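A.B. asks: sequence unavailable; structure follows:
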C-alpha cells in the first residue's frame, strides 16, 4: 500500500473520530464525568490539557492529523450545546478550565494556542453574547492580542502550512475582527450596558491594542523578515477606527499619547534603534495621503512641547529632541520616493491652528537637524515656498484671524532664520513683487496687531537682505508689541544649533506589556480602580487632599540619651536672628546669575537691605566667577548684552577688592575683556570715557586700558600672551606715601605684564623688519640668512605685507579681522584720542587758573591720568590698538596722523603748565618718551608697509619731518650721555633703540618721496 493511500485512510479516520466527538457534544449528556472525558480528550491530544485535570481523560482518542482544523467546529458546538449547560457546574467543581482552554488557552510556545485564540474571536462574537463569551473575550484581548495573532499566522512555527495568499486573507480577517470587538459587544449589550467588562470598553480596549501594536512593530523590526504590508494594513485599520485623533482628549484613546514614551525610549536606546526607526518610516510610507495626514496630526498633538516662545537653552533642547524623534519616526522626507510624506507633513503643520511650539519643532525637523549631518537648507525651500504662498495671499491677509496670522508669521520668520545670511532665496524674496505688494496690504489692515505681523516680516527680510528698514513703534506694551519682542528674541538663535547630550535625554524604561498590565488582572484586585486610559489620566492628576500621612505618625520614645544636640528653642532662634555671628552655618547660598541684569544687581547690591560682610563677599565672588563666561554666552542671544553692556562695564571698572578675594584682578580683567570683545560698540566707548573721569584709581585705569588692548586684539583675531598668574601686591601694607613712592607698573595688576609683553613684541617686529629690509640689499647677509634656521616668536604675530595672511597671526582672517577694521576708528581709537585731547586741555586750563592761588593744582600728580606711569600705559595701549587696526580703510588718512600727533606732542610738549618746556623732550620721563617713540615707530612701520609712506610724505610732510627731527635730537642727546628723568639702564636702552628706529624710518620715507615733497 502506498504512502498516499495510508495518509488518506488516516485522515479519514481522524475526521470520523472528530465528527463523532462533535456529534456527542451536541447531544444532551447528563453525566459530568462523561462530558469531562469528551472535553479532555482533544485537549490532551493538543497538549493543552491542564495537569490537574489529566484524570478526567478516561477515554483518550488516538493520534489525529490536523486536529486544530476542527477547532472552529468544536468551539461552535461548545458555545451552542455545552457551555450553556455545564458552565456553572464546572465552575463549582473546578473544571472551568476545560471549557476555557478551547477558547483562551494558557499562553505557551505551542502553535496550537495561537490557532485556538485566532478562531475564538469570531466564535465568541457570534450572537447572542453570553457572560462566558464576554469574560473570555476580555481575557483574549489581553493574552492574545494582535502581536501573538500575527506570529500565529506568519510565524515560522505556524501549525498550518499556509500559502502567502492564505496568510494575507487570514490576517485581514483577524484585523477586521479584533478591531470590531468593542463595537460588536457594545451593540449587543445596548440594553444592558452594565454587563460590559471594563476590558472591553472602547478606550481601554484600543489603548491596550495600541500598545500591542507598538510591541509588534518592535518585534518585527528586529526580525529577519520585515513584512511592512501586513503591519501597515493593521495601522490603516487603527487610523480608520480613530486611534489617532487629531487632538488629545480625555474622551477617546490616542495611540501616541499612550505609546510615545515607549517609542521614545526604544529609539533612544543603542540596541536595534536604527531598525526600529527604519520600520516606522516604511510603515508611514505605505499609508495613503489621507491616513498619513491623520496619523501625523495625532503625532504632532502628542509631542512634548516647552513654552511656545521660550528662548532658553532648556526649551531649545526640548524642541530639538522632538525634532529628532520626528526624524526617527517619520524619516527623511527629502529622500526620493517620499514626496507624498513631505506633502502630508507640510499640509498638517500649515493647515491646522497649531501653536508656535509646533512650528519650532516642524522647522527644526524639516531643516534636517534630526539627522546627524545637521542643517540642510535645500530641505527648507519647498516648505518656505508653501508658507510664503499662504502668507502673501490676499484672502489670508483679509480674512484670517489674529491667531492664524501670528502662527504663519512666526512660521515664516522661523524658516528664514534657518537660512544662511548668503541665501539667494532671501534676496529674491525681498525683490519679489508678490511679497512687496502683500506688505502694503498688511500695512493697510485695520487691525494694528495684524499690521505689525507684516511690518515685522518686512523689517526682518530687509535686514537679512542687507538693507535697512525700521517702522519703529516697537517699544511699549499692548497692540502685539510683546509678542513681536518675544519672537525676535527667539529667532536670534536656532533651536537646532544646541547640543544634546545623553544627560539631557530623560531615562525612560520600556514597559513590558504583559498579563500583569492588563485591566482584567487589576480588576480582580480592585473593581473600583480606574484602568487603562482612565488610569493613566488619573495617575497624572494631582491629589486633591492636603492630608499628610506624617501627621498621624507617632515616634517611639528614645530609650537612651543621644549624642546629637537638641533643636534650638524659639527664644534661641530669636537670639540667632538678632546676632548674625551666631548663624554661621545657616548662611543663604548665593546662586549664580542667569541674566546680565542679575549680574549687575549682584555687583551693585541694589536690594536696599543691610547685609553682613560675608554675604556681600560671597555675592561679589560669585559674580566674578561667572561674569566673563556669562557675558560671552550672551554674545549672540538677542539684545540683552547690548542693553546691559554699559552698566556692567562701569560696575566692573569701578569694582574694588574690599574683601581680598582670590583672583580678583584676573577675574575682573577677564570680564572687562569679554565685554569689549563681545559688545565693542558699547563697552569700548564707555571705557574710553570712564578712563578720564577722576573717581578711578590707578589700578582701575590700568584695567580699562588693558581691556581695550586685549579686546581689540581678540576682535582682530590676533594672538595675545597667556594670562599672567596672580601675585601679591608687594606694598599693600605700606603707608600711602611709601606706597606711591615704591609702586611699580607690574604691581598694578598681573594683566599689565601682558600689555608690556605685547608692546615689546610689536616694537621688536617693527625694528626687525627694518633690519631685514636693509640686510636684503646686501648679498652676503642674504646668503648667510638662508643657511641659518631661527626660531620664530610664538606669542607675537608679525605684520608683513598687505596680502600675507600667514604673517598676521590670524586663525580666521575673514571673520574677525574684517570686524575690527570696521570698529577701530569709531569705537576704539578716535574716542580715546579725542577724549585725551579734551582732558589735556581741561587740566592745563585748570592749572593755569590756579597758578596765582595759594594751593596750585597740578594735573600730572600721582594717580592722575597725566602721571608718567599712566601716561606711558595709555600710549602703549594706543600703540597696540594702532597695530591691530592696520587693516582699517581710514588708517592712512585718519588714524596714522592722529596717533603721530599724540606721540609727537607727548614727546616734546609738557603735560603740565608748571613744567619747563624743552622741545627736545629731555625733561620728559623715560617711560613716556619710550612709549611715545614706540607709538611713532609702529605707525611709521605700518604706513611703510601699506603705501611706502606716500600718504605721510606727501600729505603730512611737516609732521613727518618734525618726528624725524625730534627723534634725531633725542638720539644725539642720549649718545652724549644725557640722563633722563626716571630712566634706568633698560629704559635708556628702550628709548635709544626706538629713537634710532624712528630716525631710520623717517629717513627711508623722505628719501623715497623727497622729490614730491613741496614743503621741504
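C.D. replies: Received, thanks. Please read all numbers here as calculations on a predicted model, not as lab measurements.

A.B. asks: for the spatially closest residue to residue 758 that is not a sequence neighbour, give me its contacts.
C.D. replies: Spatial nearest neighbour of residue 758, chain neighbours left out: residue 880 (5.5 Å); criterion: CB to CB, 6 or more residues apart in numbering. Heads up, the C-betas are built off the backbone N, CA and C, glycines and all. Each residue near residue 880 by CB atoms under 8 Å, 6 or more residues apart in numbering is listed here: 709, 712-713, 755, 758-759, 762.

A.B. asks: residue 442 too?
C.D. replies: Residue 442 neighbours (CB under 8 Å, 6+ apart): 397, 450-451, 453-455, 457-458.

A.B. asks: one more: residue 228?
C.D. replies: Here residue 228 is in contact with 279, 282-283, 286 (CB under 8 Å, 6+ apart).

A.B. asks: near residue 401, how many other residues are there?
C.D. replies: 11 (other CB atoms under 10 Å).

A.B. asks: residue 43 against residue 98, yeah?
C.D. replies: Yes. Between residue 43 and residue 98 there is a contact under CB atoms under 8 Å: 7.2 Å.

A.B. asks: flag the shaky bits of the stretch 101-250 of the chain, pLDDT-wise.
C.D. replies: Across the stretch 101-250 of the chain, the ranges flagged by pLDDT under 70 are 156-161, 250.

A.B. asks: and the helices in it?
C.D. replies: Counting by DSSP state H, counting those that start in this stretch, one finds helices in the stretch 101-250 of the chain at the ranges 111-124, 131-143, 146-154, 164-188, 202-221, 228-240.

A.B. asks: how about residue 604, nearest residue that isn't a chain neighbour?
C.D. replies: Nearest one to residue 604, counting by CB to CB, 6+ apart, is residue 651 at 6.1 Å.

A.B. asks: give me every residue that touches the one you found.
C.D. replies: 600, 603-604.

A.B. asks: and the residues you listed, which is closest to residue 623?
C.D. replies: Using CB to CB, residue 603 comes nearest to residue 623 of the contacts of residue 651, at 5.2 Å.

A.B. asks: tell me if the closest one really is in a helix.
C.D. replies: Yes. Per DSSP: H, G, I helix; E, B strand; the rest coil, residue 603 lies within a helix segment.

A.B. asks: 41 is where my numbering starts, stick with that
C.D. replies: I'll keep to 41 as the first residue from here, and by that count the last item is residue 643.

A.B. asks: pLDDT and neighbour count added to the contacts of residue 691, as a markdown table?
C.D. replies: As requested, the contacts of residue 691 are exported to a markdown table (pLDDT from 0 to 100; neighbours: other CB atoms under 10 Å):
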| residue | pLDDT | neighbour count |
| --- | --- | --- |
| 640 | 91 | 19 |
| 643 | 90 | 22 |
| 644 | 86 | 15 |
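
A.B. asks: now tabulate those in JSON lines and tack on distance to residue 424.
C.D. replies: Below are these laid out as JSON lines (distance: CB to CB, whole Å):
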{"residue": "640", "distance to residue 424": "40"}
{"residue": "643", "distance to residue 424": "45"}
{"residue": "644", "distance to residue 424": "46"}
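
A.B. asks: tell me the one among those nearest to residue 110.
C.D. replies: residue 640 (86.2 Å).

A.B. asks: just give the number of residues close to residue 368.
C.D. replies: Residue 368: 22 neighbours (other CB under 10 Å).

A.B. asks: for the spatially closest residue to it that is not a sequence neighbour, pull up the helix or strand it's in.
C.D. replies: Spatial nearest neighbour of residue 368, excluding adjacent residues (CB to CB, 6+ apart): residue 317 at 4.2 Å. Using DSSP states H and E, residue 317 falls within helix 313-325.

A.B. asks: next, the angle helix 268-280 makes with that helix.
C.D. replies: Inter-element angle recorded for helix 313-325 and helix 268-280: 60 degrees (by axes from the mean of the first three to the mean of the last three CA atoms, to 10 degrees).

A.B. asks: which helix or strand lies directly C-terminal to helix 313-325?
C.D. replies: Criterion used, DSSP H and E; the element after helix 313-325 is helix 329-342.

A.B. asks: and that next one, how far out from the chain middle?
C.D. replies: 27 Å (CA atoms, centre = their mean, to the nearest Å).

A.B. asks: which neighbouring elements make contact with the very next helix or strand once past it?
C.D. replies: Sequence order places helix 353-370 as the next helix or strand after helix 329-342, per DSSP H and E. Contact partners of helix 353-370 among helices and strands, from 3 or more CB pairs under 8 Å, 6 or more residues apart in numbering; DSSP states H and E: helix 295-308, helix 313-325, helix 329-342, helix 396-406.

A.B. asks: tell me what angle the helix or strand following helix 353-370 forms with helix 353-370.
C.D. replies: Using DSSP H and E, the helix or strand that follows helix 353-370 towards the C-terminus is helix 379-391. Put simply, helix 379-391 runs at 140 degrees to helix 353-370, going by the same axes, to 10 degrees.

A.B. asks: how near is residue 411 to residue 362?
C.D. replies: 14 Å (CB to CB, to the nearest Å).

A.B. asks: between those two, which is the more surrounded one?
C.D. replies: The residue with more neighbours, out of residue 411 and residue 362, is residue 362; 25 against 18, by other CB under 10 Å.

A.B. asks: that one reaches residue 402, doesn't it?
C.D. replies: No. Applying CB under 8 Å as the test, residue 362 and residue 402 come out as separate, 9.6 Å apart.

A.B. asks: break this structure into its domains for me.
C.D. replies: The record's domain parsing of the chain by the TED database lists 241-329, 624-731, 860-890+901-1054.

A.B. asks: now do the SS call for the residue nearest to residue 798.
C.D. replies: Applying three-state DSSP: residue 920 is helix.

A.B. asks: quick check: phi and psi at residue 146.
C.D. replies: phi -60, psi 130 (degrees, to the nearest 10).

A.B. asks: tell me how far stretch 905-916 is from the chain's mean position?
C.D. replies: For stretch 905-916, the distance to the chain centre is 45 Å (CA atoms, centre = their mean).

A.B. asks: meant to ask about stretch 246-253
C.D. replies: Using CA atoms, centre = their mean, the offset of stretch 246-253 from its chain centre is 35 Å.

A.B. asks: repeat for stretch 475-490
C.D. replies: 34 Å.

A.B. asks: still on that earlier bit, next step: the contacts of residue 482 restricted to helices.
C.D. replies: 437, 490-491, 493-495, 497-498 (DSSP state H).

A.B. asks: from the residues you listed, which single one is nearest residue 180?
C.D. replies: residue 493 (55.7 Å).

A.B. asks: isn't the closest one right up against residue 444?
C.D. replies: No. Counting by CB under 8 Å, residue 493 stays clear of residue 444, with 10.2 Å between them.

A.B. asks: these two: which has the busier surroundings?
C.D. replies: residue 493 (26 against 14).

A.B. asks: so which helix or strand takes in the closest residue to that one other than its chain neighbours?
C.D. replies: In space, and not counting its chain neighbours, residue 493 is closest to residue 449: 4.2 Å by CB to CB, 6+ apart. Taking DSSP H and E as the definition, residue 449 sits inside helix 442-458.

A.B. asks: would you mind measuring the gap between the ends of stretch 255-272?
C.D. replies: Stretch 255-272 stretches 14 Å from its first residue to its last (CA to CA, to the nearest Å).

A.B. asks: what residues sit buried inside it?
C.D. replies: For stretch 255-272, the neighbour count (16 or more other CB atoms under 10 Å) marks 255-258, 260-261, 266, 268, 270-272 as buried.

A.B. asks: who touches the closest residue to residue 233 other than its chain neighbours in this structure?
C.D. replies: Computed as CB to CB, 6+ apart, the closest residue to residue 233 that is not its neighbour in sequence is residue 226, at 7.6 Å. The contact partners of residue 226, by CB under 8 Å, 6+ apart, come to 233, 236, 242.

A.B. asks: can you count the residues close to residue 125?
C.D. replies: Residue 125, neighbours per other CB under 10 Å, totals 13.
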